[in-house]
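> Would you be able to build a 3D model of this:
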Amino acid sequence: MVTEHLEERSIDYLLRAITNFIKLPKTKMWLDYDKEADVLYLHFEEKPKSTCSEMRDDRIIIDYRDDLLVGLTILEASQR
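Numbers count the residues shown, from 1 in each chain. Below you'll find the model as predicted:
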């Protein structure tokens, strides 16, 4: 098993992010990271099906099914 050493700065950022994650509407989440594309996918359903998406200025895509938030796509994830 390969382990990577996280810089203290990365751990601090992750801990701050967690406080925001727990405020999201669902408590069960699925995370997928595409290293080649540097994209993090965060889903609130095992197999989300969105009907519309909104790209924010910070390059985060918000996915909805009708009025329900079903996922987030974070572009350039390693740069955050």
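> how about the nearest residue to the residue nearest the centre of the chain, chain neighbours excluded?
The residue lying closest to the centre of the chain (CA atoms, centre = their mean) is residue 42, at 3.7 Å. In this structure, residue 42 finds its nearest non-sequential neighbour in residue 72, 4.5 Å apart by CB to CB, 6 or more residues apart in numbering. Every residue, glycine included, has its C-beta placed from N, CA and C.
> give me the element the one you found is part of.
strand 68-75 (DSSP states H and E).
> Neighbouring strands of that strand in the sheet, and parallel or not?
If you go by DSSP bridges, strand 68-75 pairs up with strand 39-43 (antiparallel), strand 60-65 (antiparallel).
> Report the contact partners of the residue nearest to the centre of the chain.
29-31, 71-74 (CB atoms under 8 Å, 6 or more residues apart in numbering).
> Can you flag the buried ones in the residues you listed?
Buried residues within the contacts of residue 42, counting neighbours by 16 or more other CB atoms under 10 Å: 71-74.
> In JSON lines, list the residues you listed along with distance to residue 48 and pLDDT.
JSON lines is the format used below for these (distance: CB to CB, whole Å; pLDDT from 0 to 100):
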{"residue": "71", "distance to residue 48": "5", "pLDDT": "90"}
{"residue": "72", "distance to residue 48": "10", "pLDDT": "91"}
{"residue": "73", "distance to residue 48": "11", "pLDDT": "94"}
{"residue": "74", "distance to residue 48": "15", "pLDDT": "92"}
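> which of these sit farthest apart?
Largest separation among the buried ones among the contacts of residue 42 by CB to CB: 71 and 74, giving 10.3 Å.
> Overlap in contacts, those two.
Joint contacts of residue 71 and residue 74 (CB under 8 Å, 6+ apart) are 41-42.
> residues making contact with the strand holding residue 72?
Counting by CB under 8 Å, 6+ apart, 24-25, 38-45, 48-50, 53, 59-64, 80 sit against strand 68-75.
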